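In: Predicted model follows, preceded by the sequence.
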Amino acid sequence: MSRWRGVEVASVDDEPMYDMASPAPAPASSKAHPGGRAQGGAARRGSRFPGGGNGARRKSAWETTHETGGKVATALGRWFGVVMDEEERQIQHAGYVRRKSKAYKGGVGGTRTFGKGPSAGAAATFNTLWDEDSSEASEDELVIPANLPTSCDYDVAMAHYRSLRQEETGKIQKPGWFGREVNKARPSVVDMLGQGRTSRRPSRKRHSKMRNDTLVAAQLQALPTFTPWFIYMMTLVHTMVFIGISALAQQNSAWADVGFPKTFTCSITPASDPPCPEGFNTTQMDGLQKRLDRNIFVGPTEKFLVTVGAKFTPCMREDTDIKIAAAQETDEQCGIINTCETAGATEGAGCCTLSSGRSGVTSHADCFAADASATWDQGNRCDETADFIVLRPCCAATVSNKCELLTRTACDFVEGIWREDKQFCAETSCLTDVCELDKAGLSISADASQPNLPDNPNQWVRFIIPLAIHAGLVQLVFILIVQWNVGIPIETQAGFFRVFLIYFISGIGGYVISGIFAPLQVTTGADPAVYGLLAVMLVELFQSWQIVNNKYRVLIKLLVAVVFLLMVGTLPFVDNWSHIGGFAFGIVSGIVFLPYINFGSWDLARKRILLGIAMPLLFIMFILAFIAFYRIQNTEFCIWCKYLNCIPYTSEIDCDTSEFGVDFSVSVGL
């Protein structure tokens, strides 16, 4: 007899042995209560509580908190796939035991031998032991029915049983980061028991045996299969939004010609087509340039995409470069709304009236260059009622925020917006027109203290809206093909909510990184989210490395696809920073949210450690990215980083996207 937790129990050598189905005899160590010393003590302690004579005790605050926290942790662990429900785990283990028992019974003649000689009774005993072992109890705690026929030594049978279980346990221990199959050359226990041989023929087809091994098969069978509703929904949203934006662009004459954007320069000799427009002094403006806003993706113009929600950093934060340019512009046109730093008869801006009666606000030099007999009124505006004002601010047709003093014909030539309510650029903010989201009801007003700057641009919705709109038909088709082929297999295993989180985390994270390193580049499309799904496929491959057929071939194919797509991003007018950012956030979010199976204690511990690192890392990545976006705007510390976004493969490729729009050699006709 032995004692366990205050109750005497029979050892395996004592007689008789009791059946598990029959009630055990009452222990002899309790005199005060049938339940033994534990229940007797509880009854005595229960008398200290009102109405608690039955042994009930109130839980302390610490016990309640600990129990609640344990339930929450267990629920989170089950959601992330690192904790299995106890009942489900026992069912899987029982199924594993039954499968091994059937494999053992399937030997030669229906029985197998162990010990020193053949014995049908020994096989029956061993099969019964395996069928009864459906819990996590160790072998020493098994209770053997006494009425079973036994024809061999019990110790030999149990030793053989333990050796088989230890060998099966060893088969699922896969050390190494990729889970190297250290037991690949060893004979399979299932093969030995089921086919009566001690060696295994080398398989001609190389594939993983892990799918058929122990609890792994049960985990694979327990994984649910989901319908990819999220990918279906996003595919429909992308298609419908593109149709709507295309119709709106056609209605507003904002559909761009197909091709690469380029600069057109007019000339008088030889005469260009279209000809140069009329300037301030009625002469043609020779050498006037304009940007031809073309779209290689077959879609709307760049400026129109900004007005419907594309990512454009000056609409999302205060841009340092734009503030510096606005301050310089204000100093050059001082004297009207501010005081010039240096006093002089030719400083600042004033109303220039030509001998022909045409007038407009210019500098002293531009006024007399247009007409030597003109008059210039320093520091004053032109009279809106008395003067014939022909020179007003013109905002460029593109997103450059460039303002020039032009005539209406010259502004129409560059396809800009002629501001009839303003007289000079120091009081005009072109970004208020560019950043206005008409359909969403969001707009940016001019700063009261500095009218040529927007007042607190903070359109953070531009991190999300671009995920639904695309620059053109080519980009839409490409994204839908990749999204369909990559997203559906992932959502089939992970489900709607997990893919939803991975998709938007990768998409928003990619656009934050793009805003840091390519702030003046207009970006649209679900590219960063799709690259995040590609990263999830890479994570899934490593998490399920042991059960993937032709794993190295799959890895090489996936890496080749990722490298190819990243190299496509180095072409001009493609935002590769959003691709890189989406891929980085996709890797970390895939580790956090993607469900996985484990292949043993070491593999489970490794994945839990990796999950514990990835969860705070994802949070830290977002915090640092947003801090860098809003606070750190100088990316010149990384000179070579520009080649990650665009590589000038030929001399005709222009990777400078820092300034679009019109580059004027003169602002008035000379």
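Out: Now that the structure is in, tell me what you want to look at.
In: Show me which strand runs longest in this protein.
Out: Longest strand in the chain, counting residues (DSSP state E): strand 388-395.
In: what's it packed up against?
Out: strand 358-363, strand 403-406, helix 408-413, strand 417-418 (3 or more CB pairs under 8 Å, 6 or more residues apart in numbering; DSSP states H and E). Yep, even glycine has a C-beta here, placed from its N, CA and C like the rest.
In: and the gap between residue 280 and residue 610?
Out: 68 Å (CB to CB, to the nearest Å).
In: if we can go back for a sec, deepest in the core, which of the helices and strands packed on strand 388-395 is it.
Out: Burial of these is given as mean neighbour count (mean count of other CB atoms under 10 Å); strand 403-406 ranks first at a mean of 26.
In: ok so, going back, now do the longest strand of the chain: everything it contacts.
Out: Strand 388-395 is contacted from outside by 280, 352, 357-362, 382, 401-408, 410-411, 414, 416-420, 422-425, 428, 430, 433-434, 668, using CB atoms under 8 Å, 6 or more residues apart in numbering.
In: Contacts only, for residue 358.
Out: So residue 358 contacts 280-282, 388, 390-391 (CB under 8 Å, 6+ apart).
In: circling back to that earlier point, what angle sits between the longest strand of the chain and strand 358-363?
Out: Strand 388-395 and strand 358-363 are oriented at 50 degrees to each other (axes from the mean of the first three to the mean of the last three CA atoms, to 10 degrees).
In: What are the boundaries of the helices in the stretch 351-500 of the chain?
Out: All helices of the stretch 351-500 of the chain, identified by DSSP state H, counting those that start in this stretch, fall at 364-370, 408-413, 431-434, 473-494, 496-517.
In: weakest of the ones you listed in terms of mean pLDDT?
Out: Here the lowest mean pLDDT among the helices of the stretch 351-500 of the chain goes to helix 431-434, at a mean of 82.
In: so what does it touch, helix or strand wise?
Out: helix 302-307.
In: mind redoing it with 10 Å?
Out: helix 302-307, strand 388-395 (3 or more CB pairs under 10 Å, 6 or more residues apart in numbering; DSSP states H and E).
In: how about the CA coordinates for stretch 312-329, as PDB?
Out: Taking C-alpha atoms only, stretch 312-329 is exported to PDB below (Å, rounded to 0.1, in the frame of the first residue of the first chain):
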ATOM      1  CA  PHE A 312      -0.300  63.100 -50.200                       C
ATOM      2  CA  THR A 313       1.700  64.100 -47.100                       C
ATOM      3  CA  PRO A 314       1.200  67.900 -47.300                       C
ATOM      4  CA  CYS A 315      -2.500  67.300 -46.700                       C
ATOM      5  CA  MET A 316      -1.800  65.100 -43.700                       C
ATOM      6  CA  ARG A 317       0.800  67.100 -41.700                       C
ATOM      7  CA  GLU A 318       2.600  70.400 -41.600                       C
ATOM      8  CA  ASP A 319       5.400  70.000 -44.100                       C
ATOM      9  CA  THR A 320       8.700  71.700 -43.200                       C
ATOM     10  CA  ASP A 321       9.800  72.300 -46.800                       C
ATOM     11  CA  ILE A 322       6.500  73.900 -47.800                       C
ATOM     12  CA  LYS A 323       6.700  76.100 -44.700                       C
ATOM     13  CA  ILE A 324      10.200  77.300 -45.700                       C
ATOM     14  CA  ALA A 325       9.100  78.000 -49.300                       C
ATOM     15  CA  ALA A 326       6.000  79.900 -48.100                       C
ATOM     16  CA  ALA A 327       8.200  82.000 -45.800                       C
ATOM     17  CA  GLN A 328      10.600  82.900 -48.600                       C
ATOM     18  CA  GLU A 329       7.600  83.800 -50.800                       C
END
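In: Just the buried residues of stretch 562-578, please?
Out: Residues 562, 565-566, 569-570, 572-578 are the ones in stretch 562-578 that count as buried (16 or more other CB atoms under 10 Å).
In: I meant stretch 367-375, not that one.
Out: Quick answer for stretch 367-375 (16+ other CB under 10 Å): 367-371, 374.
In: Taking the residues you listed together, which two end up most distant?
Out: Largest separation among the buried residues of stretch 367-375 by CB to CB: 369 and 374, giving 9.4 Å.
In: so residue 254 touches residue 301, yeah?
Out: Yes: contact criterion CB atoms under 10 Å: residue 254 and residue 301 qualify, at 5.0 Å.
In: Could you single out the nearest of the contacts of residue 358 to residue 340?
Out: The closest of those, once distances to residue 340 are taken by CB to CB, is residue 391, at 20.6 Å.
In: Tell me the bridge partners for that closest one.
Out: Per DSSP bridges, residues listed as beta-bridge partners of residue 391: residue 360.
In: rewinding a little: just put the helices and strands packed on helix 431-434 in TSV and tack on mean neighbour count, distance to residue 454 and mean pLDDT.
Out: Converted to TSV, the helices and strands packed on helix 431-434 look like this (neighbours: other CB atoms under 10 Å; distance: least, CB to CB, whole Å; pLDDT from 0 to 100):
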stretch	mean neighbour count	distance to residue 454	mean pLDDT
helix 302-307	24	13	88
strand 388-395	23	13	90
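In: Include distance to residue 68 when you put those into TSV, please.
Out: Output for the helices and strands packed on helix 431-434, formatted as TSV (distance: least, CB to CB, whole Å):
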stretch	distance to residue 68
helix 302-307	50
strand 388-395	60
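In: Among those, single out whichever gets nearest to residue 272.
Out: Between the helices and strands packed on helix 431-434, strand 388-395 lies closest to residue 272; by CB to CB that is 19.6 Å.
In: Extract the C-alpha trace of that closest one and format it as PDB.
Out: Listed next in PDB are the C-alpha coordinates belonging to strand 388-395 (Å, rounded to 0.1, in the frame of the first residue of the first chain):
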ATOM      1  CA  PHE A 388      -7.600  96.700 -65.100                       C
ATOM      2  CA  ILE A 389      -6.000  93.800 -63.300                       C
ATOM      3  CA  VAL A 390      -4.700  91.100 -65.600                       C
ATOM      4  CA  LEU A 391      -2.000  89.500 -63.400                       C
ATOM      5  CA  ARG A 392      -3.200  87.200 -60.600                       C
ATOM      6  CA  PRO A 393      -2.000  84.100 -58.800                       C
ATOM      7  CA  CYS A 394      -2.200  80.900 -60.700                       C
ATOM      8  CA  CYS A 395      -2.100  77.500 -58.900                       C
END
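In: helices and strands of the chain: which one bottoms out on pLDDT?
Out: When each helix and strand of the chain is scored by mean pLDDT, DSSP states H and E, helix 189-195 comes last, with a mean of 34.
In: same for the helix or strand containing residue 586, what does it pack against?
Out: Residue 586 belongs to helix 576-593 when elements are defined using DSSP states H and E. Contacts defined by 3+ CB pairs under 10 Å, 6+ apart place helix 576-593 against helix 61-80, helix 473-494, helix 496-517, helix 527-543, helix 551-568, helix 601-631.
In: quick one: average confidence on the longest one?
Out: The reference is to helix 601-631. 91.
In: likewise the shortest one?
Out: Averaged across helix 527-543, pLDDT comes to 93.
In: Quick one: work out the angle between that helix and helix 551-568.
Out: 160 degrees.
In: Check which helices and strands helix 527-543 sits against.
Out: Right, helix 527-543 is packed against helix 229-251, helix 473-494, helix 496-517, helix 551-568, helix 576-593, helix 601-631 by 3+ CB pairs under 10 Å, 6+ apart.
In: and residue 274, what does it touch?
Out: Residues in contact with residue 274 (CB atoms under 10 Å, 6 or more residues apart in numbering) are 264, 266, 290, 413.
In: on that earlier part again, may I see the helices and strands packed on strand 388-395 arranged in JSON lines, with distance to residue 468 as well?
Out: Compiled in JSON lines, the helices and strands packed on strand 388-395 are given as follows (distance: least, CB to CB, whole Å):
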{"stretch": "strand 358-363", "distance to residue 468": "43"}
{"stretch": "strand 403-406", "distance to residue 468": "31"}
{"stretch": "helix 408-413", "distance to residue 468": "33"}
{"stretch": "strand 417-418", "distance to residue 468": "27"}
